[in-house]
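Student: make a model of this:
(chains A and B)
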Amino acid sequence: MKIKSLILLASSSLLLAGCTTEKITDYQPASPSISESTAQESGVEVALDPFVESARTKKYFDIDAVAHGIAILHVRVANKTANQTFLVKKEDFQLLRNGSGDLTGGEKIESSSPTGQVMGVIGAGALMGLVGIAMVSHAAEVQRNFMSKEMGDQTLAPGENMEGFIYFAPVNHGEDWTRTATVKIKLAETKTQQSIELKLPLSH
Amino acid sequence: MKSIRLVTQALFSVLVLTLASGCSITHAPISMQQSPLPAGRVLPHHAVLVLNQELADYKVELHLVGGSDVYPIGSALQDYARNVTGKCFQQIDVVPSEEKASSFASDDLILIPQVVKSDTSFGNGQYNATLVVVWTVKNRTSLNVVWLKTITANASEEMGSPFNNFKHRRHVFQRVIDDLSSRTYEAFQGATALQGSQP
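Tutor: Numbering: from 1, shown residues only, chains lettered A, B, ... in the order given. The predicted structure follows:
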């Protein structure tokens, strides 16, 4: 009898354990981070801040993203032109590896170029398959948080700015994925449909 | 003593079945109220609003331990799109596809709402929901994108007790539609690209 009661109690605890998941901290950068790189082209300024410290990814995403092979990049874009509107889309951000060695686990590299490997952005919804968190409620909240913080595609009118996170995966687990890496960004002007291109090295 | 034993065994069996089944229950569409929006700027455009089948069929999934609840919210999303655009544009015509929109010669813009993703979670005594909708506005004649905006709406609702938690689950979706409506309204109100008469 005692054993059955214990089993019941343990099973109930298992169900309730999921209910203790804490809400994850919002990200509100007060000032540009020291790890931020910026570039400007044709009146558009882009600032990139790679999250390579496990402590920062744990604080804002509740997982050690570096250890799980997820590259997190905070992006800010400001349109400083007087009369041009740009289309900013996640898919137009690519992570390039110029040096030797594999940046990724190998499967998700979209294409390769003579200068190195090219990696496209991965949507927040696809990330949890890489992580394998056991607790249902925790995994669901981590995934929802990734989605909630993800940069949305938008047009950027003169004087406007935007920010959000984009994700690349899988990179090598535990590796400093910014080493010898560059981010290539293409932004299309909405009236002329002409694109400008920026390249920001993340190496430090 | 025997009855306690039987109850314990029955409860344990139910628990094991719930955990093992991974079942998904689809609920009836939730009836939602559309948020009252403030009177603001009316954009000087006649626009065609595309409410396609994909939007009409949209469902959100609430992940629970051992399964999930599925809630069809397509009807609420269509009402939300009509409500917000009706407040922001001079005239709105509604069509079921983008192809049909291009034949409206008297309209200058095509408005296309699309839910790109949604997710839910529970924990810390709350249900949480996130809904991401992209609005694409095209020039009806050139079909160039004039304005594009991703709206991310978030909402939380207390889980309640075992006796009323279904009500709270429905409330979290009402709240997320409320947040979506106000964010979308603000986005259209601030859309400088749509303020002139020439898109």
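Student: so, low pLDDT: which residues of the chain?
Tutor: You didn't say which chain, so I picked chain A. In the predicted model of chain A, residues A:1-23, A:30-34, A:98-120, A:124-137, A:204 satisfy pLDDT under 70.
Student: nope, chain B
Tutor: In the prediction, chain B carries residues with pLDDT under 70 at positions B:1-22, B:197-199.
Student: hey, C-alpha coordinates of stretch A:189-200 in PDB?
Tutor: Only the C-alpha atoms of stretch A:189-200 are listed here, as PDB (Å, rounded to 0.1, in the frame of the first residue of the first chain):
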ATOM      1  CA  GLU A 189      15.400  49.400 -51.300                       C
ATOM      2  CA  THR A 190      11.600  49.200 -51.800                       C
ATOM      3  CA  LYS A 191      11.100  51.700 -54.600                       C
ATOM      4  CA  THR A 192      14.100  50.900 -56.800                       C
ATOM      5  CA  GLN A 193      14.400  47.200 -55.700                       C
ATOM      6  CA  GLN A 194      18.200  47.800 -55.600                       C
ATOM      7  CA  SER A 195      20.100  46.100 -52.800                       C
ATOM      8  CA  ILE A 196      22.900  47.300 -50.700                       C
ATOM      9  CA  GLU A 197      25.300  44.800 -49.100                       C
ATOM     10  CA  LEU A 198      27.200  45.000 -45.800                       C
ATOM     11  CA  LYS A 199      29.800  42.700 -44.300                       C
ATOM     12  CA  LEU A 200      30.500  42.800 -40.600                       C
END
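Student: and the contacts of it?
Tutor: Contact partners of stretch A:189-200, identified using C-beta atoms under 8 Å, 6 or more residues apart in numbering or on different chains, comprise A:37-39, A:41-42, A:44, A:46, A:48, A:84-87, A:96, A:155, A:182-188, B:144-146, B:193. Quick note: C-beta positions are derived from backbone N, CA and C, even for glycine.
Student: quick check: which element contains whichever residue of chain A sits closest to chain B?
Tutor: Closest contact between chain A and chain B, by C-beta to the nearest C-beta, is at A:G152 (2.3 Å). Assessed by DSSP states H and E, A:G152 sits outside every helix and strand.
Student: could you find the closest non-adjacent residue to it?
Tutor: Excluding its sequence neighbours, the residue lying closest to A:G152 (C-beta to C-beta, 6 or more residues apart in numbering or on different chains) is B:T150, at 2.3 Å.
Student: before we move on, what SS does that neighbour have?
Tutor: strand (DSSP: H, G, I helix; E, B strand; the rest coil).
Student: tell me the bridge partners for it.
Tutor: B:V134 (DSSP bridges).
Student: check the one 5 residues further on too.
Tutor: In this structure, B:A155 has beta-bridge partners B:A129, where bridges are defined by DSSP bridges.
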